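**Student:** Build me a model from this:
(chains A and B)
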Amino acid sequence: MDIVVHETGTDTAVLECSGRLNMVSAPQFRETVASVVQGGRPRIAVELSGVEFLDSSGLGALVGALKTARQAGGDLRIAAPSEQVTMVLKLSNIDKILRSYPDGDAAVREWA
Amino acid sequence: MGLTEVVVGEHRMDFAAPPDDVTAVHDFLADVWTAEPSVGGEDRMALELAVVELASNVIEHAATDVPVRCSLTLAVHGDGLEARITDDGRPASVDLTSAALPDETAESGRGLALVQMVVDELRYDRDGGRNRWTVRRGRAGALPA
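**Tutor:** Got it, this is the predicted structure:
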């Protein structure tokens, strides 16, 4: 998967993701979030419109990233999930703990 | 002359992990959907999730120095889809009756629960020294057989 980090504010970032969030890419996603948080941006919006596939490995990475952000005093939000991603978030009940926004900019705007 | 079951198509791919990973499974399924345009979007999403979850389990469970050799078949029938993954890895110890979703804060353990939500049948057995996982799903909008 491709992850582009947009440093949108002093403590916020939008991670624009595309491809698949699965067993292959989950470690890369966790590492990217950890490094953005360590870099002083613990408020993270994950833009998912370009992610065409999410599975349980990807869900685990999202939950882990949420914990990483919260432990640093921040939070993690998701934005613009595709149809497949929405299905998996709903089936797993993760939609209850990860609030979804229309797009990455909308997700970080409230933090500004 | 008896009735013959109409098989729209049967597709097969063999892989070995390592070096292959679930990318091979995604690529295989993309080719199958191109060859089987009658399979609708909802059925594709369900099957892809189920098959990738099972393949991920096989690859993770194997996780030894010796590659695990896997075979994936997907049969597209008029009224349903059936996928089967076999591998020559260690026997899996699974209790499919307890495949429930873990706590929301868990970072693993959701795979088989998700599979069961998107298929009508999930089976595991050993066949000739190989693990065999089978999933079946009726096609959305299919007429009863």
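
**Student:** Show me what the lengthiest strand in chain A is packed against.
**Tutor:** In chain A, with assignment by DSSP state E, the single longest strand is strand A:43-54. Secondary-structure packing of strand A:43-54 (3 or more C-beta pairs under 8 Å, 6 or more residues apart in numbering or on different chains; DSSP states H and E): strand A:12-21, helix A:26-38, helix A:56-71, strand A:75-79, helix A:83-91, helix A:104-109. (C-beta placed from N, C-alpha, C; glycine too.)

**Student:** Show me the strands in chain B, by range?
**Tutor:** For chain B, the strands defined by DSSP E cover B:7-17, B:68-77, B:80-87, B:121-127, B:130-138.

**Student:** who touches the longest one?
**Tutor:** Outside strand B:7-17, the residues within contact range by C-beta atoms under 8 Å, 6 or more residues apart in numbering or on different chains are B:24-25, B:28, B:31-32, B:35-36, B:38, B:58-59, B:62, B:67-78.

**Student:** looking at this, A:Met23 is in a helix?
**Tutor:** No - counting by DSSP: H, G, I helix; E, B strand; the rest coil, A:Met23 is not found in a helix; it is coil.

**Student:** what's the nearest residue to it if we skip its chain neighbours?
**Tutor:** A:Ser57 (4.2 Å; C-beta to C-beta, 6 or more residues apart in numbering or on different chains).

**Student:** Tell me who's in contact with that neighbour.
**Tutor:** The contact partners of A:Ser57, by C-beta under 8 Å, 6+ apart, come to A:Leu21, A:Asn22, A:Met23, A:Ala26, B:Ser56, B:Ser108, B:Gly111.

**Student:** List buried residues within the contacts of strand B:7-17.
**Tutor:** Buried subset of the contacts of strand B:7-17 (neighbour count, 16 or more other C-beta atoms under 10 Å in any protein chain shown): B:24-25, B:28, B:32, B:36, B:58-59, B:62, B:67-70, B:72, B:74-77.
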